[in-house]
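*Asks:* Structure for the following, please:
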Amino acid sequence: MVGTAPPTAPWTNWAGNQRGTATTILRPRSLADVTEAVRAARAAGGRIRVAGSGHSFTAIALAEDARMELAALDTAVRVDAERRLVTVPAGMTLHALNDVLMRHGLALPNLGDIDAQTVAGAISTGTHGTGAGYGCLATFVEALTLVTGTGEVLHCSADERPDVFAAARVSLGALGALVDVTLRCADAFVLHAHERPAPLDAVLGELPELIEAHDHVEFYWFPYTSRVQVKTNDRVPADDRPLSRLRGWLDDEFLSNTVFAGACRLGRAVPALAPRISAVSARALTERRYTGRSDQVFCTPRRVRFVEMEYGLPRAALPEALDALRRIVDGLPFKVLFPVEVRFTAADDIWLSHGYGRDSVYLAVHQYVGMPYEPYFTAFEQVAAGLGGRPHWGKLHWRDAATLAPVYPRWADFLAVRDRLDPDRVFTNPHLTHVLGH
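*Replies:* Residues are numbered from 1 along each chain as shown. This is a model prediction of the structure:
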């Protein structure tokens, strides 16, 4: 049976900036439960939104009618270690997935910097890591099972229903409920991490060579300074330089979370201190090198709450975008407490992926919870849109269907698949109507 329960409290996302109360909560335990729930909702003219772990900053997961949670869905994990394929429930978190893969000598080829998202949520919003040779996480998907808005169960891959596959890997949850996903993995590997402070201009000057020389490159610019923190990760044969427990705690827990949280609270209370806090933060994390299991190097704890907007841009637009961003920050009537993250991805062929058809640079702007952010984000959005930018589907933006359609060459194809799979818009909400149209 489909588990149903009246909502006991408003649902909130991780950042706390999105809240909603569904009229019904659906907790299916089987594929049959999912199809039954969808068909019942369609017959009644109802709506369903599937919610994961709440790590999107937009209203993408908010349900006005029924919220579906897939954590209890009993879909078997299937591992084909020889072919490096794993099939997992779509509601599994990336953290749990990484542990499953580790036990079988496998790993995802790339990850972002947190692992709390569900597999479905991560791929459906175009979640990505960094690395010029890697697309978003959805590029690792080899097959998937989808319950459409009509209650039909579709198995999709590059060979089976390829148009649905091209649309469903990054779908915003607009085509139906993903119930399982097959991922192409790599043999388990070790990363050598090198993190160092550097001048921004020097990093920009050497950026093409830096990207070419390393598997994964990213940097953080600290507002009101000319300083960045550069991070590179490269595959190595042995875990021969593990980070000491003390150094890991000092940098990743104490400085990056405990101390930074205190600094943000101070900056929120006394905004005039923000430039000084940013300058101290830029120099607090000193250079370090270490090795470790890939997922444990890619992913780090994030305990300081923030809101975020991120734009994918053509890679050549980075200098212009950063120059404009620095001017925006300096001209704001309030202060910015979080650094700006810059990452790189390869082109892919997924219709609504931010990286469709082009190598991309991503700029992510953040603000500490409780601080003003909309003038900051919207000012940068205007710059990014003028440079052909595509907003991350899980992060704040103010674009609508009319302004998004021109930057996605396969936009009309995606909408045609949506019309076919969910003609009655069972899987919609006001946010999707805004960004996709009716």
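
*Asks:* ok, residues contacting stretch 77-93?
*Replies:* When contacts are defined by C-beta atoms under 8 Å, 6 or more residues apart in numbering, stretch 77-93 is touched by residues 52-53, 69-73, 75-76, 97, 100-101, 104-106, 115-120, 142-144, 177-187. Quick note: C-beta positions are derived from backbone N, CA and C, even for glycine.

*Asks:* mind running it again at 6 Å?
*Replies:* For stretch 77-93, the surrounding residues in contact (C-beta atoms under 6 Å, 6 or more residues apart in numbering) are 70-71, 73, 75, 97, 104, 118-120, 178-183, 185.

*Asks:* before we move on, what about stretch 349-365?
*Replies:* 126, 135-136, 138, 166-167, 169-170, 308-315, 318, 321, 340-348, 380, 390, 410, 414.

*Asks:* In strands, which of the residues you listed fall?
*Replies:* 308-314, 340-345, 390 (DSSP state E).

*Asks:* Would you show me how to pick out the buried ones of those residues in PyMOL?
*Replies:* Buried residues among the ones in strands among the contacts of stretch 349-365 (16 or more other C-beta atoms under 10 Å), as a PyMOL selection:
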select buried, resi 308+309+310+311+312+313+340+341+342+343+344+345+390
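
*Asks:* In TSV: the ones in strands among the contacts of stretch 349-365, plus pLDDT and distance to Pro89.
*Replies:* Shown next, in TSV, are those (pLDDT from 0 to 100; distance: C-beta to C-beta, whole Å):
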residue	pLDDT	distance to Pro89
Glu308	98	27
Met309	98	30
Glu310	98	27
Tyr311	98	31
Gly312	98	28
Leu313	98	34
Pro314	98	36
Val340	97	35
Glu341	98	30
Val342	98	33
Arg343	98	28
Phe344	98	31
Thr345	98	26
Arg390	98	29
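
*Asks:* Closest one of the ones in strands among the contacts of stretch 349-365 to Thr130?
*Replies:* For these, the minimum distance to Thr130 (C-beta to C-beta) is 3.6 Å, reached by Arg343.

*Asks:* Quick check: the residue nearest in space to the middle of the chain vs Ile328, distance?
*Replies:* Centrality entry for the chain: nearest residue to the mean C-alpha point is Thr127, 3.1 Å, by C-alpha atoms, centre = their mean. From Thr127 across to Ile328, the span is 26 Å (C-beta to C-beta, to the nearest Å).

*Asks:* Okay, now the unreliable bits of the protein?
*Replies:* 1-9, 249-250, 254-255 (pLDDT under 70).

*Asks:* In terms of residue numbering, what are the domains of it?
*Replies:* The chain breaks down into these domains under automatic domain parsing: 78-187, 190-397.

*Asks:* Point out the most buried one among these.
*Replies:* domain 78-187 (a mean of 21; mean count of other C-beta atoms under 10 Å).

*Asks:* Next, the distance between the ends of it.
*Replies:* 16 Å (C-alpha to C-alpha, to the nearest Å).

*Asks:* Any idea how far it is from the middle of the chain?
*Replies:* 13 Å (C-alpha atoms, centre = their mean, to the nearest Å).

*Asks:* same check, this time on stretch 261-278
*Replies:* The answer for stretch 261-278 is 27 Å, by C-alpha atoms, centre = their mean.

*Asks:* for stretch 242-253, same thing?
*Replies:* With C-alpha atoms, centre = their mean, you get 25 Å for stretch 242-253.

*Asks:* can you list contacts of that stretch?
*Replies:* Contacts for stretch 242-253 (C-beta under 6 Å, 6+ apart): 290, 300.

*Asks:* what about that stretch, how long is it end to end?
*Replies:* The first-to-last residue distance of stretch 242-253 comes to 17 Å (C-alpha to C-alpha).

*Asks:* Ok, stretch 342-361 next?
*Replies:* Stretch 342-361 end-to-end distance (C-alpha to C-alpha) = 7 Å.

*Asks:* start at 95 instead
*Replies:* All right, first residue 95 from here; so that's stretch 436-455.

*Asks:* Need the CA coordinates for the helix or strand harbouring Arg514. PDB is fine.
*Replies:* With elements taken from DSSP states H and E, the one containing Arg514 is helix 505-515. The C-alpha atoms that make up helix 505-515 are tabulated as PDB, following Å, rounded to 0.1, in the frame of the first residue of the first chain:
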ATOM      1  CA  TRP A 505      13.900  23.400 -25.300                       C
ATOM      2  CA  ALA A 506      11.000  22.700 -27.700                       C
ATOM      3  CA  ASP A 507      12.000  19.000 -27.800                       C
ATOM      4  CA  PHE A 508      11.900  18.700 -24.000                       C
ATOM      5  CA  LEU A 509       8.500  20.400 -23.900                       C
ATOM      6  CA  ALA A 510       7.200  17.900 -26.500                       C
ATOM      7  CA  VAL A 511       8.300  15.000 -24.400                       C
ATOM      8  CA  ARG A 512       6.700  16.600 -21.400                       C
ATOM      9  CA  ASP A 513       3.400  17.000 -23.200                       C
ATOM     10  CA  ARG A 514       3.500  13.400 -24.200                       C
ATOM     11  CA  LEU A 515       4.500  11.900 -20.800                       C
END
